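Predicted coordinates and the sequence they were generated for:
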Amino acid sequence: MAHYKVILTYDGTDFQGFQRQVEGRTVQASVEAALERIGWQESSILFAGRTDAGVHAAGQVIGFNLDWKHSPEELQDAVNANLPVDVSALSVAEAEENFHPRFSAVARCYHYRIFCEPVRQPLRERYAWRVWPAVRTKPLEETADYLIGRHDFSAFGSAPQEGGTTIREIFSSIWKVLENDLVFQITGNAFLYRMVRRLVSFQIEVGQGKRNPEEIKLFLDGGSKEVVQGLAPPQGLVLEEVFYPK
């Protein structure tokens, strides 16, 4: 019996999120069904984090035990042969027995993609948020800078467990231009439920001139008991990478 670490990518469009639910198609249930077909007998896989319905992943990490007599490369082939077309195992490797995709992680990186157009763009909008009026990039960059460091983000999300801390540390927070899109890249030790999507929504209001960049300071560290209501749509968000100690 060996412990395996697998990096997954998936298109979240047709899933009701990552975590298994009583009803609805989920990434976890799809992966577990694929593993069961090759002899996996545990009750649940381990995973780095939950993604909402419609959210994508380029580097979700899962872990599980399996009595597998062949190479990790052959396990990757077997898993992919049984996964649906919108999920893929990018890599499979044996891991230390105490490796946990969530609790062993030291940082996570998310990307959120937007583009500014007055008319619907169906092919682009599957993986990005179309924003109009157009945003100015300088206010976005100024607002993103305020997020770096250790803050109470309770105005932007809720803790995974009831009563859990809402303090998170952000290591990097930047906007960059990729092709004709604007991408918000944020890396932190962990994230609250819907935190990135609320941060994006807030920044878009800043970029459109509806708020000032300094206003975000009022919502950090418990400065306001108000919860930010704006929520960017899910399709622009990607769990890009999960980091572990070298």
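All right, it came through fine.

Burial check on the residue nearest to Thr137 when sequence neighbours are not counted, number of neighbours?
Nearest non-adjacent residue to Thr137, counting by C-beta to C-beta, 6 or more residues apart in numbering: Trp175, 6.2 Å away. All C-beta atoms are positioned from the backbone trio N, CA, C, and that covers glycine. Using other C-beta atoms under 10 Å, Trp175 is surrounded by 22 other residues.

isn't there a strand covering Trp175?
Yes: under DSSP: H, G, I helix; E, B strand; the rest coil, Trp175 falls within a strand.

and the closest residue to Phe171 other than its chain neighbours, what does it touch?
Ranked by C-beta to C-beta, 6+ apart and with sequence neighbours excluded, the top spatial neighbour of Phe171 is Thr187, at 4.8 Å. Counting by C-beta atoms under 8 Å, 6 or more residues apart in numbering, Thr187 touches 107-110, 170-173, 243.

can we see that at 7 Å?
107, 109, 171-172 (C-beta atoms under 7 Å, 6 or more residues apart in numbering).

ok, and for stretch 36-54, which residues are buried?
Of the residues in stretch 36-54, 40, 45-54 count as buried by neighbour count, 16 or more other C-beta atoms under 10 Å.

Need those in JSON lines (columns: distance to Lys217 and pLDDT).
What follows is these, written out as JSON lines (distance: C-beta to C-beta, whole Å; pLDDT from 0 to 100):
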{"residue": "Trp40", "distance to Lys217": "48", "pLDDT": "97"}
{"residue": "Ile45", "distance to Lys217": "40", "pLDDT": "98"}
{"residue": "Leu46", "distance to Lys217": "37", "pLDDT": "98"}
{"residue": "Phe47", "distance to Lys217": "34", "pLDDT": "98"}
{"residue": "Ala48", "distance to Lys217": "30", "pLDDT": "97"}
{"residue": "Gly49", "distance to Lys217": "27", "pLDDT": "94"}
{"residue": "Arg50", "distance to Lys217": "29", "pLDDT": "94"}
{"residue": "Thr51", "distance to Lys217": "29", "pLDDT": "97"}
{"residue": "Asp52", "distance to Lys217": "27", "pLDDT": "96"}
{"residue": "Ala53", "distance to Lys217": "31", "pLDDT": "97"}
{"residue": "Gly54", "distance to Lys217": "30", "pLDDT": "98"}
